[in-house]
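J.: prediction below, plus the sequence it came from.
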Amino acid sequence: MSDIAIQAHKLVKQFPARADSGNDKKSEGEATSAKKRSFWPFGKRAPKSMFTAVNGVDLEIRRGEIFGLLGPNGAGKSTTIRMLCTLLEPTSGTAKVNGFDVVTQANQVRRNLGTVLAGERSIYWKLSGRENLQYFAALYHIPPTVAKKRVEELIERMEIKDRANELVEKYSTGMRQRIAIAKALLARPPILLLDEPTLGLDPQAARNLRELIAQLKQEGHTILLTTHYMEEADQLSDRIGIIDTGKVIALDTPEGLKRRIDQKEVIRLELTGWHDDLNDKLKSITGIESLTSHQKGEADLWEVNLQAQNSRHALPRIVESLSGNGTRLVNMNIVKPSLEDVFIHLTGKALRD
Amino acid sequence: MRSEPIVSAPLGRSTSLNEMRALAAVIRREWTIFIRYPSWIISLLIWPIIFPMGYILTARALSGVDGSGLTQFQINTGLTEYVGYMAVGTMIWMWQNVVLWNVGGALRNEQMRGTLESNWLSPTWRFAYLLGASVPQLISMLVMLLVSGLEYAFLFGVKFQGSLPLTLLVILVSIPAVYGLGFAFASLVITMKEANAFVFLVRGIVMVFCGVTYPLAIQPQWMQNVAAWLPQTYIIHAVRSAALSTEGFQGIAHDLQMLVLFGAFWLALGMAVFAWMERRARQTGAIGQY
């Protein structure tokens, strides 16, 4: 058996897109002109173009590892995942899951892959937790006697035994997510694909789920994980692939990625009275390589992160730029680059952008 | 949380028996969800009696309360039982209408709920989802037809002089044509993302051309020519003949022949459109789009 659980080679996915569609798809990938149609009986139609969502992705995910796939919204992450789990056919290139081709051996791929896509929406709210698991066990062709035992095992494992007969609509988001994960584990697939598994969970439920994911790795599952929480990817992943504009732009261990910008410093500012002009003003300071900002929980309190080669040279000009116009510096730190900073350095965007 | 044995190989295996079990699970799921919405009582018991009432009362107004104007109706239809005539026409129309909404919208509803992808990610035969969703719908429609027959017999005194087995035979032979159209519909709705306009168009055509509330003989010839190409025309005629007249098998033999042909055509078309949709969805990602 090969050491590679998931393999993608020059994976490309293109979708037809209208040039005047008004959406921002073009910013996500490359749009190339295709067949043009100048006339349509019901009015003029814009020429068709091809939007490239995934542009030659190469991936090798090793057996037994947790692989984090990160990328800003629209980077091609979801399209890549959907091709790997057979929901989408690649335009070109190949992908194999547990040695099975995603196009020609789609059913074997489905059998070897447990997926959590769309989280709590992927199960039936008008069925109980137990009924959901029994239903999906049948869809995965698990013989009834085995399925019965397996459903009870998972109900116990997910700690929902007391409420297994209640309708899912009465569950909390965390419980629904656990049912969705139990569903993915039903057929005991060697590979798991978890798309944003902790999205919308409270901190305690998210911590429990991260523990479960770590446990699943210990049991021998290979896990492909996507998340918007950088700390989660850092904590769980053995390796991380960063995808942007349809390409894998970096792939390494979390430590390896962080080492890439070891020489750089991150200046973290907390301030009030942030306005858009400051964005350009701060970016124009010599030595500042990137800037991200987001509002913190409290009203009008903003966190601004600046990556710089040498903070000492940049600091006086930063403080100068912030004076006036109602802006007030509340706090300032020079911090060690985190995975989030690596991501910003590589993509120019924060993960949640 | 308790841990479990190290992963070896997946538990499931694809066999014909397991595919049948998967289909049975889809049917069970659909039926369980159906009865968990209490509105099913309205659709099974109350709606069948309310819906045809408008047409029946219009007919009563036109024929006169004492039925003096029914002679022409009898000449055109060979029947005196105009309440039963209206009830059969409108119930068959309602059957097709409900199939278009429920079977036609089955996959779309799953898609909007978010569960279509999780079904599609399993190794089960794709058509089982549509077929499985249709079975509870078919059972509920058969119950509805039966209930409405009883309601019309006991509340309105309609005399069903024909044969119950022959009526059931007609309904059985009609199933492939009615549901084949529903399957084709379901696949198109997944692609188009919208069912309303198509449902209104098809049920409008059935209402106008197929003789739901009036005999085909009063239509101009070109309309009768169109009606000859619609299976609902034969279903309505055959059910009326089997349930309301004493003509026996002879009265429905031609209709049954046509329904077998239409059934084979629509079922094949429904499955072909489904296969096309499935292939297209894999290329466009339509399954996950809301």
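T.: Yep, it's here. Numbers count the residues shown, from 1 in each chain, chains lettered A, B, ... in the order given.
J.: report how many residues lie close to the residue in the stretch 201-350 of chain A that chain B sits nearest to.
T.: Taking C-beta to the nearest C-beta as the measure, the point where the stretch 201-350 of chain A comes nearest chain B is A:G220, at 4.1 Å. Any C-beta I mention is one placed from the backbone N, CA and C, and that applies to glycine too. By other C-beta atoms under 10 Å in any protein chain shown, the residues close to A:G220 number 13.
J.: same thing with B:P136?
T.: Neighbour number of B:P136 under other C-beta under 10 Å is 20.
J.: look at it and report its pLDDT.
T.: Predicted confidence (pLDDT) at B:P136: the value is 92.
J.: any part of the helix or strand hosting it near chain A?
T.: Assigning secondary structure by DSSP states H and E places B:P136 in helix B:127-155. No - judged by C-beta under 8 Å from any C-beta of the partner chain, helix B:127-155 and chain A are separated, with a smallest distance of 8.6 Å.
J.: how far off centre is that helix?
T.: Using C-alpha atoms, centre = their mean, to the nearest Å, we find the averaged C-alpha position of helix B:127-155 to lie 9 Å away from the chain's own average C-alpha position.
J.: next SSE downstream of that helix?
T.: helix B:164-192.
J.: flag every buried residue along the next helix or strand after that next one.
T.: The element immediately downstream of helix B:164-192 (helix or strand, assigned by DSSP H and E) is helix B:196-209. For helix B:196-209, the neighbour count (16 or more other C-beta atoms under 10 Å in any protein chain shown) marks B:199, B:202-203, B:206-207, B:209 as buried.
J.: same check on stretch B:159-169?
T.: With burial defined by 16+ other C-beta under 10 Å, the residues of stretch B:159-169 counted as buried are B:160, B:162-163, B:166-169.
J.: out of these, which one sits closest to B:T77?
T.: For B:T77, the closest of the buried residues of stretch B:159-169 turns out to be B:G162, at 13.9 Å, with distances computed as C-beta to C-beta.
J.: per-residue confidence for the closest one?
T.: At B:G162, the predicted lDDT confidence score is 91.
J.: distance of the closest residue to it other than its chain neighbours relative to chain A?
T.: If you skip the residues right next to it in sequence, B:G162 has B:A243 as its closest partner in space, 4.5 Å away by C-beta to C-beta, 6 or more residues apart in numbering or on different chains. Applying C-beta to the nearest C-beta, to the nearest Å, the value for B:A243 to chain A is 36 Å.
J.: wait, doesn't B:A243 sit right on B:G84?
T.: Yes - the criterion here is C-beta atoms under 8 Å, and B:A243 meets it with B:G84 at 7.2 Å.
J.: now the helices for the chain?
T.: In the absence of a named chain, this looks at chain A. The residue ranges that make up the helices of chain A, judged by DSSP state H, are A:25-28, A:77-84, A:106-112, A:129-139, A:144-157, A:173-185, A:203-218, A:230-236, A:254-259, A:276-283, A:311-322, A:339-347.
J.: I was thinking of chain B, sorry if that wasn't clear
T.: For chain B, the helices defined by DSSP H occupy B:16-35, B:40-41, B:47-50, B:53-63, B:70-77, B:82-98, B:106-113, B:116-120, B:127-155, B:164-192, B:196-209, B:221-227, B:231-244, B:253-284.
J.: what stretches of the stretch 101-250 of chain A score poorly on pLDDT?
T.: Of all residues in the stretch 101-250 of chain A, none has pLDDT under 70.
J.: for chain A, what's the nearest residue on the stretch 101-250 of chain B?
T.: Distances from the stretch 101-250 of chain B to chain A, computed as C-beta to the nearest C-beta, single out B:G114 as the nearest residue at 3.0 Å.
J.: leaving out the residues flanking it, which one is nearest to that residue?
T.: Spatial nearest neighbour of B:G114, excluding adjacent residues (C-beta to C-beta, 6+ apart): A:R121 at 3.0 Å.
J.: please work out which residue of the stretch 151-290 of chain B is closest to chain A.
T.: Proximity to chain A, evaluated over the stretch 151-290 of chain B using C-beta to the nearest C-beta, is greatest for B:R282 at 4.5 Å.
J.: quick one: that residue and A:T91 touch, right?
T.: No - with the criterion set as C-beta under 8 Å, B:R282 and A:T91 do not qualify as a contacting pair; they are 11.5 Å apart.
J.: who has more neighbours out of the two?
T.: The residue with more neighbours, out of B:R282 and A:T91 and counting by other C-beta under 10 Å, is B:R282; that gives 20 against 16.
J.: so what's the more buried one up against?
T.: Under the criterion of C-beta atoms under 8 Å, 6 or more residues apart in numbering or on different chains, the contact partners of B:R282 comprise A:86-89.
J.: make it 6 Å
T.: The neighbours of B:R282, taking C-beta atoms under 6 Å, 6 or more residues apart in numbering or on different chains as the test, are A:E89.
J.: ok, now A:A250?
T.: Residues in contact with A:A250 (C-beta under 6 Å, 6+ apart) are A:242, A:346.
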